[in-house]
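Trainee: can't give you the sequence, but here's the structure:
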């Protein structure tokens, strides 16, 4: 029979917003131990109860979540916020094409770069979360005649960058002649995605 035990840890918390995101994450993601938390301005005490062999894993994950939340809420000395990719998916509840997300962040001048399993960008969690939500909605709104993933990504990028709906994005793409129709009357890109975006969004190198 597993031995039941308890442990406590104390973590520094700089804001109520950090506390809320952190506690919501811990409650959703830690399943192998019972958790009791007490929050006071500046710190949070978490008590873990459960089988002894589970507590260390629960504590390590909790400390990791604390680090991830802190990195995405507070910038480094150069103004970059860091987002662990797996954690970002868990927190937002959405999974979007990473290449498209990075492209949109850079088109909006957030200087996004990928480093292994993290994104570094000069925007906070609220901004990247909103962009991810809008990208997810944009990709879900594509009509049937948009037949390829590359075209979906291009149109979603146009939609979010120019803050327009799908109908206007398609009209703009047709006007710039970056799309055409195949034999089944479906829309396809007439050129490579990067060329299409350069032409449609007037990107200069």
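Mentor: Received the coordinates, thanks. In this text the structure is predicted, and so the values were computed from the model without any measurement.

Trainee: mind listing the helices for the protein?
Mentor: Ranges of helices in the chain, per DSSP state H, are 16-29, 52-73, 85-92, 98-107, 125-140, 149-162, 166-175, 193-201.

Trainee: So for residue 42, which of those helices sits nearest?
Mentor: Closest of the helices of the chain to residue 42 is helix 16-29, at 10.0 Å (criterion: Cβ to Cβ). For the C-beta atoms, the positions are set from N, CA and C on the backbone; glycine is no exception.

Trainee: what's next to the closest one, contact-wise?
Mentor: Helix 16-29 has contacts (Cβ atoms under 8 Å, 6 or more residues apart in numbering) with 13, 35, 37, 39, 41, 44, 46, 61-62, 65-66, 69-70, 73, 87, 90-91, 125.

Trainee: Skipping its backbone neighbours, what lies nearest residue 12 in space?
Mentor: residue 43 (5.7 Å; Cβ to Cβ, 6 or more residues apart in numbering).

Trainee: Touching, residue 82 and residue 120? I think so.
Mentor: Yes - taking contacts as Cβ atoms under 8 Å, residue 82 lies within contact range of residue 120: 5.3 Å.

Trainee: and the gap between the residue nearest the centre of the chain and residue 128?
Mentor: Geometric centre of the chain, nearest residue: residue 88, 4.6 Å, by Cα atoms, centre = their mean. Look at residue 88 and residue 128: by Cβ to Cβ, to the nearest Å, they are 7 Å apart.
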